[in-house]
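>>> attaching a predicted model along with its sequence, questions to come.
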Amino acid sequence: LTVKDMVDEHVLVTAGPTREPFDPVRFITNYSSGKMGYAVATMARRRGATVTLVSGPVQLPIPAGVFHVSVSSAREMRDAVMAALPEATVVIKAAAVADYRPAVRQDQKIKKKNEDLTVKLERNPDIIHEIGAKKEDRILVGFAMESEHLVEHAIGKMVAKNMDFIVANDVTKEGAGFQGDTNIITILDRDGEMQELPLMDKMEAAGVILDKVREIRERRRSQ
Ligand code: C5P
């Protein structure tokens, strides 16, 4: 039995990788499976929240009862997130947004030649940074996947992007990261609290993340 403790929240979740095309058949992407974001969306819905899930291309079933928006590139994700933002009371950005995209997307398939090919990359919009700038009383949660200096890098991102808390994991650890069903997360918040969690199922990790959202909401209400 799940306690319906999020009925007053509209949770906007992003999940999965983005694809950045450089011609009609080729793109840059990353190994994100979408599992962490889908777990958050599933658990938030079970706890009674209204859920909008903006998802890059993944091989996962759509969780029951969520509004699902399918996108491909970072710019499409940005547009979908910004369109959904006004209704959202909580934003959880689990997507692995590509930081760069090919500067030019050729209309025709690039032909192979007897020489090397250089593709210029340009910066993608930082979606969570844009949300952080118009946060109002939303609770904003980001993720940080790091291979070194986990805590310092995560705190830097949380502050720079105006998040309420950040969920950090070390990609070099067995059982953490993109593809598997488990994760090893550390939650860091703006009050300097740090919660180092053991290896757990992504569904269970999603539950802990939503408990933290509830805690921040209660803390704000009592202030
Ligand atoms: O890529 P980075 O480690 O900075 O990601 C930290 C957080 O920022 C994540 O929650 C990610 O979803 C978000 N992000 C974003 N738009 C980007 C890059 C990252 O919203 N272009």
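Alright, I've got the coordinates. Bear in mind that the values here come from a model prediction, so they are computed numbers and not experimental data.
>>> gap between the residue positioned nearest the centre of the chain and Gly37?
Closest residue to the average C-alpha location of the chain: Ala94 at 1.6 Å, with CA atoms, centre = their mean. Taking CB to CB, to the nearest Å as the measure, Ala94 falls 3 Å from Gly37. All C-beta atoms are positioned from the backbone trio N, CA, C, and that covers glycine.
>>> which residues are in contact with both of the two?
13-15 (CB atoms under 8 Å, 6 or more residues apart in numbering).
>>> go through those residues and flag which are in helices.
Among the shared contacts of Ala94 and Gly37, no residue falls in helices (DSSP state H).
>>> quick check: residues of the protein near the ligand?
74, 93, 95, 97, 99, 124, 126-128, 142-144, 157, 161 (CB under 6 Å from any ligand atom).
>>> go again using 5 Å as the cut-off
Remark: the part of the chain in contact with the ligand comprises 93, 95, 97, 124, 126-128, 142-143, using CB under 5 Å from any ligand atom.
>>> from these, which would you call buried?
93, 95, 97, 124, 127-128, 142-143 (16 or more other CB atoms under 10 Å).
>>> export these to CSV and tack on distance to Gly65?
Formatted as CSV, these follow (distance: CB to CB, whole Å):
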residue, distance to Gly65
Lys93, 21
Ala95, 20
Val97, 25
Asn124, 31
Ile127, 24
Ile128, 25
Gly142, 25
Phe143, 23
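>>> from these, which land in helices?
Within these, residues falling in helices by DSSP H are 127-128.
>>> closest one of the buried ones among the residues of the chain next to the ligand to Ala80?
Ile127 (9.6 Å; CB to CB).
>>> check which helix or strand the residue nearest to the closest one when sequence neighbours are not counted maps to.
Spatial nearest neighbour of Ile127, excluding adjacent residues (CB to CB, 6 or more residues apart in numbering): Arg78 at 4.9 Å. Secondary structure from DSSP states H and E places Arg78 in helix 74-84.
>>> so how far is that helix from its chain's centroid?
In terms of CA atoms, centre = their mean, to the nearest Å, the centre of helix 74-84 is set 13 Å apart from its chain centre.
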